[in-house]
Structure formats: structure tokens, C-alpha cells
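Visitor: Requesting a structural model of the entry that follows:
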Amino acid sequence: MDTDKLNKLALGYTWDNGIVTSPGKFEGESISTLYYYDAYLNGNGAVMEVSKEEREALGLHESDQWVYVAESNDGFVSLEFYMTQEQAEARDAEESEEEEEEQAEEDADPVYCPLCDSGDSSVLGTLGKRVYYRCTACGMDYSHIVN
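Guide: As a prediction, the model looks like this:
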């Protein structure tokens, strides 16, 4: 494992006990998050095997055999570790399904704001069969039942 690479990845961040404290997508995360996110951006995919050398250099637990790189809709990056490749790939498949559902919601016909009749709203979330929206024109929160 290239310690120079780890040092380069750590530049520009404020650290406290091995945790990023500077604001941004890695806030609250360790150097391992920066390391695996860099590997993810360089084409290694969201699911990667963790080598013994990486576990030792990054201070990971022996049970951390596979890693899944997760990036939230807000852009924050985190890691999830698994014992088996199947567990990590199942998590990746679950995330892909969620992304497809979100894309289908975005591609659906616009939902019009009951106050200003704007069709430009952002989805806040779903609870049961009800989808909640916020109008980007007037700021009103409203919901619709989805069949």
C-alpha cells in the first residue's frame, strides 16, 4: 500500500484523532474513506475486496473483508464493510434499485403545486403511499398519494 498516496489524499483536510473535521463530503470519515473513494473514482467499482495490507495500513478490523463505497444524494461519502463479497454486492444492488426508483420519480410527469401551479418541485420523500414535495417556486410543502 502506497503511504505517499495516503498522505496526498489527506492534504487539505483538518483531522482530529484520524477523523476529517473540515466541512465537505468526507466530514466525520476516516482516511480509509478517502482511500476507497479515490479507488472508486479510478474505476474500481463501488464494491472492492480489502487486502490484508490495506487492513493493516488503514487500521481496519480483520472482519472487514469487502467494502462498499456509498455516496448519498447530498454528496457525502461513507464506507460500509462486509465479511463476504455477496453481502457487499447485495448492498450495491439495493442501492442501484433505489437509484432506478428515484430516476423513475424524476422522469414521471410533473406534479403541480396546489398554491402556485408550478410544475417545478423537488421530492422530499415517501411515506407509505404518499409522496411529499416542496415547490421550488413558492416553497410550499405538499403531498400526493401514489397508486
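
Visitor: show me where this structure has strands.
Guide: With strands called from DSSP state E, the chain shows them at 15-16, 19-20, 47-49, 66-71, 77-82, 121-127, 130-135, 141-145.

Visitor: Are there helices or strands packed against the last one, and which ones?
Guide: By that I understand strand 141-145. The helices and strands touching strand 141-145, judged by 3 or more C-beta pairs under 8 Å, 6 or more residues apart in numbering; DSSP states H and E, are strand 130-135. Yep, even glycine has a C-beta here, placed from its N, CA and C like the rest.

Visitor: Would you mind extracting the C-alpha trace of the strand it packs on into CSV?
Guide: The C-alpha coordinates for strand 130-135 follow below in CSV (Å, rounded to 0.1, in the frame of the first residue of the first chain):
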residue,chain,number,x,y,z
ARG,A,130,-47.8,9.3,0.0
VAL,A,131,-45.0,11.3,-1.7
TYR,A,132,-44.0,14.6,-0.2
TYR,A,133,-42.8,17.6,-2.4
ARG,A,134,-41.5,21.1,-1.9
CYS,A,135,-42.4,23.6,-4.6
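
Visitor: Can you name every helix or strand that that strand contacts?
Guide: With contacts taken as 3+ C-beta pairs under 8 Å, 6+ apart, strand 130-135 sits against strand 121-127, strand 141-145.

Visitor: low-confidence ranges in this protein?
Guide: When residues are selected by pLDDT under 70, those of the chain lie in 103-108.

Visitor: any idea how it splits into domains?
Guide: The domain map for the chain lists 3-106, 109-145, with the assignment taken from automatic domain parsing.

Visitor: Just send those back as TSV, with mean neighbour count too.
Guide: Output for the domains of the chain, formatted as TSV (neighbours: other C-beta atoms under 10 Å):
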stretch	mean neighbour count
domain 3-106	14
domain 109-145	13
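
Visitor: before we move on, the earlier item: now render the helices and strands packed on strand 130-135 as a markdown table, adding distance to Asp64.
Guide: A markdown table is the format used below for these (distance: least, C-beta to C-beta, whole Å):
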| stretch | distance to Asp64 |
| --- | --- |
| strand 121-127 | 31 |
| strand 141-145 | 41 |
